[in-house]
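Peer 1: What would the 3D arrangement of this be:
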Amino acid sequence: MAAVVQYGPQAGEVEVREVPVPELADGTVLLRVAAVGVCGTDVHQLYHTRKSSAGLPVTLGHEFAGTIAMVGSDANASDSVVFREGDRVVSETAESICGACAYCRAGHYNVCPHRRGFGFRANGAMAAYVRVPVRCLHHVPDGLDIGVAALAEPCCVAYNAVIERSAVKPGDSVLVFGPGPIGLLSLAMARLSGADTTVVAGLSSDAARLGMARDLGATYTVDLQSQDIREVVRGIGDGYGVDLVIDASGSSRALGTAMDAVRPMGQITKVGWGPEPLDISLDPIVAKAATLSGSFSHTYQTWERVIGLLSARALDTAPLVGLRVPLNEWRDGFEAMHEGRVVKSVLYP
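Peer 2: Numbering: from 1, shown residues only. Okay, the predicted model is just below:
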């Protein structure tokens, strides 16, 4: 079968290759992929803007949904939720966890030290078929489009950052750095949580995405290269700062600005990745008695909540998807995101 494979660590070392259909193992299913979202991580892997050679060669793709083609032995042996051939499902991203460490035993398997993710250290879903452990699966409700379900994963990342790792109350003010998919979905989560004033900040090159943030209900958008975010923040509420900052940009500079913008006793939640050294003082966190938290991935309950929101149409991912292409046009999808022409691309194997 054809698959989008990263075969080397250098920029551009990604191509479509013929790979074997995965063989079933105990506790797994063979999933016929219906749709797979292109993540910023996939784009980084193509352009080598985030350096890693772990697990190569590897089939990319960790945002996916499809139909169960075959069920392996013991797949339903210890699970009260039964999965059968023909079921429409969406998958979590942790292809392998140890299941025995303190974090797995407590249900926090997203931070298992032995975790291997689809499309990074384990073959992903930019292919016709992918093998998936049954513990990763969630049923897609009737009426929920399978292409929409494929984007549950970035929604779960945003849900974890804004709702589970942060504390948003009705009437709060929320500032989001980075108008990419996670930033825009974080805006949506903040508004669902009752945030009264929402601000999305980006660069001049993010003009189209900042426009989308306004369409999605942001109270203010800020071009950090031409506007002073401090002036915007001083005009919100009592002027002491925002209740919550979500850093979805990964930039060290954004974290420094976040410390200026957050109010005393407020919170900063960092979900964006970035390789730059910090090179700034964290003293404002101490002076403001503010909380700085990290947010990574998601767990079972996150997925169940997000699928419910998508099914109820309380969360709409359609505005984010600017390009839908077949698998053999994968490069168009990657390039469109890299160049900022679309927020999200979806491939259809």
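
Peer 1: For stretch 229-237, the averaged confidence score.
Peer 2: For stretch 229-237, mean pLDDT is 95.

Peer 1: List the buried residues in that stretch.
Peer 2: I229, V232, V233, I236, G237 (16 or more other Cβ atoms under 10 Å). The way it works is simple: take the backbone N, C-alpha and C, and place the C-beta from them, glycine included.

Peer 1: which residues of this protein fall in helices?
Peer 2: Along the chain, counting by DSSP state H, helices occupy 40-47, 102-105, 146-149, 152-159, 181-192, 207-215, 229-234, 252-261, 283-287, 300-311, 330-338.

Peer 1: Just flag the most distant two among the buried residues of stretch 229-237.
Peer 2: Within the buried residues of stretch 229-237, I229 and G237 form the most distant pair, 15.1 Å apart (Cβ to Cβ).

Peer 1: for V306, what are its contacts?
Peer 2: The contact partners of V306, by Cβ atoms under 8 Å, 6 or more residues apart in numbering, come to A152, C155, C156, Y159, L315.

Peer 1: sorry, that was for R214
Peer 2: Applying Cβ under 8 Å, 6+ apart, the residues contacting R214 are T221.

Peer 1: domain ranges for the protein?
Peer 2: 2-151+317-348, 156-294 (automatic domain parsing).

Peer 1: re the thing from before, quick one, which of the helices of the chain gets closest to N76.
Peer 2: It's helix 300-311; of the helices of the chain, that one is closest to N76 (Cβ to Cβ) at 16.2 Å.

Peer 1: Can you list the buried residues in the closest one?
Peer 2: T302, W303, R305, V306, I307, L309, L310, S311.

Peer 1: In JSON lines, list the residues you listed along with pLDDT and distance to E18.
Peer 2: As requested, the buried residues of helix 300-311 are exported to JSON lines (pLDDT from 0 to 100; distance: Cβ to Cβ, whole Å):
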{"residue": "T302", "pLDDT": "98", "distance to E18": "35"}
{"residue": "W303", "pLDDT": "98", "distance to E18": "32"}
{"residue": "R305", "pLDDT": "98", "distance to E18": "39"}
{"residue": "V306", "pLDDT": "98", "distance to E18": "34"}
{"residue": "I307", "pLDDT": "98", "distance to E18": "33"}
{"residue": "L309", "pLDDT": "98", "distance to E18": "38"}
{"residue": "L310", "pLDDT": "98", "distance to E18": "34"}
{"residue": "S311", "pLDDT": "97", "distance to E18": "36"}
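
Peer 1: Can you tell me which of those is nearest V140?
Peer 2: The closest of those, once distances to V140 are taken by Cβ to Cβ, is I307, at 7.3 Å.

Peer 1: Contact partners for that closest one?
Peer 2: Here I307 is in contact with V90, H138, V140, P141, L144, A149, A152 (criterion: Cβ under 8 Å, 6+ apart).

Peer 1: how about 6 Å then?
Peer 2: H138, A152 (Cβ atoms under 6 Å, 6 or more residues apart in numbering).

Peer 1: What's the per-residue pLDDT of H44 here?
Peer 2: At H44, pLDDT is 89.

Peer 1: ok, now how distant is it from L184?
Peer 2: Distance, H44 to L184, by Cβ to Cβ, to the nearest Å: 18 Å.

Peer 1: between those two, which one's more packed in?
Peer 2: L184 (28 against 15; other Cβ atoms under 10 Å).

Peer 1: show me where the stretch 1-150 of the chain has strands.
Peer 2: 2-6, 14-18, 28-37, 58-59, 63-71, 88-91, 94-96, 116-117, 129-133, 137-139 (DSSP state E, counting those that start in this stretch).

Peer 1: got JSON lines for the buried residues of stretch 229-237, with distance to A218 too?
Peer 2: Output for those, formatted as JSON lines (distance: Cβ to Cβ, whole Å):
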{"residue": "I229", "distance to A218": "14"}
{"residue": "V232", "distance to A218": "11"}
{"residue": "V233", "distance to A218": "14"}
{"residue": "I236", "distance to A218": "13"}
{"residue": "G237", "distance to A218": "16"}
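
Peer 1: burial count for the residue lying closest to R165 once chain neighbours are set aside?
Peer 2: Excluding the flanking residues, the one nearest R165 by Cβ to Cβ, 6 or more residues apart in numbering is S295, at 4.2 Å. If you count neighbours by other Cβ under 10 Å, S295 ends up with 24.

Peer 1: how near is G250 to L175?
Peer 2: Taking Cβ to Cβ, one finds G250 at 16 Å from L175.
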